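Colleague: The sequence and its predicted three-dimensional model are supplied below.
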Amino acid sequence: MASFDVIVLGLGAMGSATAYQLARRGKRVLGLEQYALGHDQGSSHGHTRVIRQAYYEHPDYVPLLRRAYDLWYDLEQHTGHHLLTECGCLNIGVPNGELIAGVRASVRAHNLPAELLLASEIRRRFPPFRVDDDMVGIIENRAGFLYVEECVRTFCEAAAALGAELHPEEGVTHWEPEGHGVRVTTTRGTYHADRLVITAGPWATRWLNEMGVPLTVMRQTLQWFRPQEATPFRRDQFPVYLAEVPGGPVYGIPMIDPRGHKAARHYGAPELTDPDQVDRNPHEDDVEPIRAFFRRHLPGANGECTAQQVCLYTMTPDRHFVLDRHPHHPQVAVAAGFSGHGFKFAPVVGEILADLAEFGETTQPIAMFRANRFHAEGFTPKTWLPG
Ligand SMILES: Cc1cc2nc3c(=O)[nH]c(=O)nc-3n(C[C@H](O)[C@H](O)[C@H](O)COP(=O)(O)OP(=O)(O)OC[C@H]3O[C@@H](n4cnc5c(N)ncnc54)[C@H](O)[C@@H]3O)c2cc1C
């Protein structure tokens, strides 16, 4: 039976980043992926992902984000692939809403450079936006976007170049403890390793159930629209944006290719338990929430819908990540439940998982991501789900 230092289960964003980190450290790594590398059935496809630091979700993410930026740029330098583009992010909402209050909390706690804009200033600086008088904006210049498929491909290629063995189209069917290590069974064979890292994305439900982590899967559609005029949506003029509006949060990315301006809603769709039950076909009515946002706040973007893609969020009840060692099997580390905002963290998650596999601990602050927090008394699920 082939034996490795570490087996990584799942080679999407987090698994490919982990395989790369471990390979850099000289570990004998086996990465197992049920589909082709860079497939479009999980959570890491759709051309781009937003990256930002003024993190409304919680100020404790900011140190991890700083490390993630460093690691993304290191990866670019190491491989010569362009992955991250900084073009600024405009956060829009009412001053006491979750988005604006959360961004301000992170800015204050970590002294981040950001600028508060009144509605009139938003309209002047970013003419495509129509914002209500009671809305404000916070612009964060270091934010931008990542090329998602290119990032995963780069992690995989760089890991393989450093000696990691990556097996696409080989699904894991079972794992069990074996001595101080693990025995992993796949559709093609059985392997032994000292450590196992589980990064199964939407399929993590299956592996984390016994740990009491209540994960669900949310179907999201990405869509691209051809604006009436292209120039005002170019990335030198138009930022990434995140808007908290009555119909539910919406975000968008500047027009960087002929498909047009990419926009999607954040949350607001039904939650399921089985990723294989999700409807993978985009539909005409998936576009309606975005068109409603455009009609009211971004009319120039409301052109032909040129492309749509379905992608999956893996949700925890509090919308924070799970990043921990297995409570009963310390030779196993898990990363899951990225709740629609994990991609930007991939390199630092990879570093943390490599630390957990190599040392059993990490110096990165991950206390808020414990797997057992859902057992705590008084836990109330977060409800930023528009009605
Ligand atoms: C529409 C959409 C928009 C998003 N926007 C942003 C954004 O702007 N910014 C941001 O930071 N984040 C964003 N996210 C979230 C981010 O993309 C995810 O958090 C991240 O991609 C999750 O990575 P992952 O490795 O956990 O999952 P995945 O990339 O899905 O990887 C899991 C992998 O495990 C494999 N696997 C599962 N089970 C097995 C098995 N038994 N055997 C072998 N392989 C297996 C799967 O096939 C898959 O390849 C978005 C997500 C979506 C869906």
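Modeller: Yes, it's here.
Colleague: Can you tell me the closest non-neighbouring residue to T362?
Modeller: D355 (3.7 Å; CB to CB, 6 or more residues apart in numbering). Where C-beta positions appear, they are placed from N, C-alpha and C, glycine not excepted.
Colleague: My guess is that neighbour contacts V348. True?
Modeller: No - contact between D355 and V348 fails when scored by CB atoms under 8 Å: they sit 10.3 Å apart.
Colleague: sec struct for the residue nearest to T362, please.
Modeller: helix (DSSP: H, G, I helix; E, B strand; the rest coil).
Colleague: Could you do the one 10 residues further on as well?
Modeller: Going by three-state DSSP, the secondary structure assigned to P365 is coil.
Colleague: Can you read off the pLDDT for the closest residue to it other than its chain neighbours?
Modeller: Leaving aside its chain neighbours, P365 sits nearest to P63 (5.9 Å; criterion: CB to CB, 6+ apart). You'll see P63 listed with a pLDDT of 98.
Colleague: now P63: how far from R195?
Modeller: 25 Å (CB to CB, to the nearest Å).
Colleague: more neighbours, those two?
Modeller: R195 (26 against 13; other CB atoms under 10 Å).
Colleague: so is the more buried one in a helix, a strand, or just coil?
Modeller: Under three-state DSSP, R195 comes out as strand.
Colleague: Measure how buried V287 is and give me the count.
Modeller: Neighbours of V287 (other CB under 10 Å): 17.
Colleague: cool, G360 as well?
Modeller: The number of residues near G360, taken as other CB under 10 Å, comes to 12.
Colleague: ok, now the one 5 residues further on?
Modeller: By other CB under 10 Å, 13 other residues sit near P365.
Colleague: cool, D279 as well?
Modeller: 10.
Colleague: which ones are touching it?
Modeller: R219, V310 (CB atoms under 8 Å, 6 or more residues apart in numbering).
Colleague: mind checking the SS state of it?
Modeller: coil.
Colleague: Let me see the domain layout of the protein.
Modeller: Per automatic domain parsing, the domain ranges recorded for the chain read 2-45+149-213+321-375, 86-144+216-315.
Colleague: what distance separates the longest one from the middle of the whole chain?
Modeller: Same thing as domain 2-45+149-213+321-375. Its chain's C-alpha centre and that of domain 2-45+149-213+321-375 lie 15 Å apart, by CA atoms, centre = their mean, to the nearest Å.
Colleague: In the stretch 1-150 of the chain, what residue spans correspond to strands?
Modeller: 2-9, 29-32, 48-51, 84-86, 89-93, 115-118, 136-140, 144-147 (DSSP state E, counting those that start in this stretch).
Colleague: How much space separates H326 from L356?
Modeller: Noted for H326: a distance of 10 Å to L356, by CB to CB.
Colleague: tell me the contacts of whatever residue of the chain ends up closest to the ligand?
Modeller: Residue nearest to the ligand within the chain: G12 (1.9 Å; CB to the nearest ligand atom). For G12, the contact set (CB under 8 Å, 6+ apart) comprises E33, G42, S43, S44, V152, T199, G201.
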